[in-house]
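Colleague: for reference, the sequence and a predicted model appear below.
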Amino acid sequence: MGHLDHATFGWLTPVLSYVMACIGAALGLRCTVRALGATGRSRRNWLVTAASAIGTGIWTMHFVAMLGFGVTGTEIRYDVPLTILSLLVAMIVVGAGVFAVGYGGGRPRALFLGGLTTGLGVASMHYLGMAALRLHGAVHYDPVLVALSVLIAVAAATAALWAALNIKSPIAVTVASLVMGAAVSSMHYTGMFAVSVDVTPSGEVLPGATAMQFIFPLAVGLGSYLFLTSAFVALSPTAGEREASESAQRPLESAAR
């Protein structure tokens, strides 16, 4: 049985992964709030941005945390196609949940379906990412902890979507994002504590890419996307600001006539 270390770089990867989860959650919630105040193509675009932000934030959180994961007696590599698939699954399934809420009018059934879909998407991303692991040995899971991690994911997603529907102020959204980030990180580490590895020493070269060859550059790129998108959302006028601007322009147009 190989010894598992979830923080080979100390507190750096757990803290950084939590920050990325919070940024993705905050951006996703703000975009969802914007979507609920918009119509037509604008609503759809905001929901797509929300889904990409939440999916990217969760994926980046998972793999930044995995940068600190190590098993004694074996090196670790990642299957590149499966890793990319986990990112696509996160975005697509989270998108389905966000759209269910965005067009559900706040109905409890839409919230339930959205939370369930998004939570299962988060869990699917996590375990697809784990399936991408390549090491000398066999990976086993504690089914009780796996089930608990899925329940945490569904609960966190439902709470986040409820917050998007009911919380409007920036401060409240920030608090909700911190809570969601903690919940998503808890789901990740609950899933990781479910893991055990039977190491089989071998001199064979493992297939796939190392974390620093593939995961780290991709995580940096996606993290940059989150920061740039956050700046775009912060600078974009809200529906209330647009209405105020239009109201202020009407008297000027009338006077010009």
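Modeller: It's in. Numbering: from 1, shown residues only.

Colleague: what about residue 153, how many residues close to it?
Modeller: 29 (other CB atoms under 10 Å). Using the backbone N, CA and C atoms, a C-beta is placed for each residue, glycine as well.

Colleague: same question for the one 5 residues further on.
Modeller: A total of 20 residues lie near residue 158 under the criterion other CB under 10 Å.

Colleague: got the contact list for it?
Modeller: 111, 112, 114, 115, 116, 118, 119 (CB atoms under 8 Å, 6 or more residues apart in numbering).

Colleague: what helix or strand does it sit in?
Modeller: Taking DSSP states H and E as the criterion, residue 158 maps to helix 143-166.

Colleague: rewinding a little: in strands, which of the contacts of residue 158 fall?
Modeller: Nothing among the contacts of residue 158 maps onto strands, per DSSP state E.

Colleague: longest helix in this structure, please.
Modeller: Assignment by DSSP state H gives helix 40-66 as the longest helix of the chain.

Colleague: that one vs helix 143-166, what angle?
Modeller: Here helix 40-66 points in a direction 150 degrees away from that of helix 143-166 (axes from the mean of the first three to the mean of the last three CA atoms, to 10 degrees).

Colleague: mind checking how far helix 40-66 is from the chain centre?
Modeller: Here helix 40-66 is found 6 Å from its chain centre; the criterion is CA atoms, centre = their mean, to the nearest Å.

Colleague: residues near residue 72, how many?
Modeller: A count of nearby residues for residue 72, using other CB under 10 Å, gives 11.

Colleague: could you check the pLDDT of it?
Modeller: The model reports residue 72 with a pLDDT of 88.

Colleague: next one: it from residue 92, what distance?
Modeller: 36 Å (CB to CB, to the nearest Å).

Colleague: likewise residue 66?
Modeller: From residue 66 to residue 92 the distance is 21 Å (CB to CB).

Colleague: low-confidence regions, the stretch 151-257 of the chain specifically.
Modeller: Counting by pLDDT under 70, the stretch 151-257 of the chain shows low-confidence ranges at 168, 234-235, 237-257.

Colleague: all helices of it, in order?
Modeller: Remark: helices assigned in the stretch 151-257 of the chain by DSSP state H, counting those that start in this stretch are 170-193, 216-235, 239-256.

Colleague: and stretch 131-143, how far out from the chain middle?
Modeller: 23 Å.

Colleague: cool, and stretch 119-126?
Modeller: Mean C-alpha position of stretch 119-126 versus that of the full chain (CA atoms, centre = their mean) differs by 9 Å.
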